[in-house]
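# Next comes the sequence, and after it the predicted model I'd like to discuss.
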Amino acid sequence: AQTVTQSQPEMSVQEAETVTLSCTYDTSESDYYLFWYKQPPSRQMILVIRQEAYKQQNATENRFSVNFQKAAKSFSLKISDSQLGDAAMYFCAYRSAIDLQGGSEKLVFGKGTKLTVNP
Amino acid sequence: NAGVTQTPKFQVLKTGQSMTLQCAQDMNHEYMSWYRQDPGMGLRLIHYSVGAGITDQGEVPNGYNVSRSTTEDFPLRLLSAAPSQTSVYFCASSYIRGIQAGANVLTFGAGSRLTVL
């Protein structure tokens, strides 16, 4: 079974600075998808960014970018120019492409990293 | 477009009571699922469905039942609530079909906080 590990339970960053959240995963599969979700105090789960394992290029979405290292099974999230609204729990998640072909969209989540943004 | 709607948002139960968490989506998504979120545990999959009449177990299915009689609805039933089921529950749905089906993103409901005394 796949596992996702977020080794930083909590992180803090100064407003306008850059912060990197770590995520590692364990899988024997070669084709899969990786996601970062944000959960603000409102509790709503919001997709931040996604990465297809077959793509070499790292995904970017405005101030959010990832460092995807397939051989190392690492998928870190970098937030540039941090804003107060970035304060939230961040979850890394894995989805198998094999399960997908069988009709399942199951996500395996890490335990989350709580990000605090200091003014 | 309402997306994924969960009701109720908050519920307090006594041990042994039963209840149903409702989930409805208006996006014609084939896939629907239930997760529970506990402090320090992330989100764990309870049950999922790939279409009407088809359900399957996730990682933590014990104590929960589901059914999928329509594409839109996927209720989660607690038959005899236990304090260990105190949690925040999320319903999520997505398409399965599509050229880039693997890139389909789960749409989450707003969550339901359940407390079992």
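Perfect, I can see it now. Remember, predicted model here, so these are calculated numbers, not experimental data.
# From the contact counts, what lies against the helix or strand where A:F68 lies?
Here A:F68 sits within strand A:64-69, counting by DSSP states H and E. For strand A:64-69, the contact count by 3 or more C-beta pairs under 8 Å, 6 or more residues apart in numbering or on different chains; DSSP states H and E identifies strand A:32-39, strand A:46-52, strand A:74-79 as packing neighbours. Glycine gets a C-beta too; all of them are placed from N, C-alpha and C.
# Which of the residues in the first one are classified as buried?
Going by neighbour count (16 or more other C-beta atoms under 10 Å in any protein chain shown), the buried part of strand A:32-39 is A:32-39.
# Against which helices or strands is that strand packed?
For strand A:32-39, the packing partners by 3+ C-beta pairs under 8 Å, 6+ apart are strand A:46-52, strand A:64-69, strand A:74-79, strand A:88-96, helix A:97-101.
# got the residues of chain B near chain A?
B:30-31, B:33, B:35, B:40-45, B:48, B:50-51, B:56, B:58, B:88, B:90, B:92, B:94, B:96, B:101-106, B:108, B:110-111 (C-beta under 8 Å from any C-beta of the partner chain).
# can you tell me which of the helices and strands packed on strand A:64-69 comes nearest to A:T18?
With C-beta to C-beta as the criterion, A:T18 lies closest to strand A:74-79 of those, at 6.4 Å.
# which parts of that closest one are buried?
Applying 16+ other C-beta under 10 Å to strand A:74-79 flags A:75-79 as buried.
# got the contact list for that strand?
Residues outside strand A:74-79 that contact it (C-beta atoms under 8 Å, 6 or more residues apart in numbering or on different chains) are A:13, A:18-25, A:34, A:36, A:48-49, A:51, A:63-69, A:86, A:90, A:92, A:115.
# now do 6 Å
Contacts to strand A:74-79, defined as C-beta atoms under 6 Å, 6 or more residues apart in numbering or on different chains, come from residues A:19-24, A:34, A:36, A:64-68, A:86.
# who does the biggest strand by length in chain B touch, helix- and strand-wise?
Counting residues, the longest strand found in chain B (DSSP state E) is strand B:42-51. Strand B:42-51 sits against strand B:31-38, strand B:54-57, with contacts defined as 3 or more C-beta pairs under 6 Å, 6 or more residues apart in numbering or on different chains; DSSP states H and E.
# ok, back up a step: just the closest of the buried residues of strand A:32-39 to A:Q8, please.
A:W36 (13.4 Å).
# Tell me the confidence at that closest one?
Reading off the confidence values, A:W36 has pLDDT 96.
# so it bridges to which residues?
A:I49, A:C92 (DSSP bridges).
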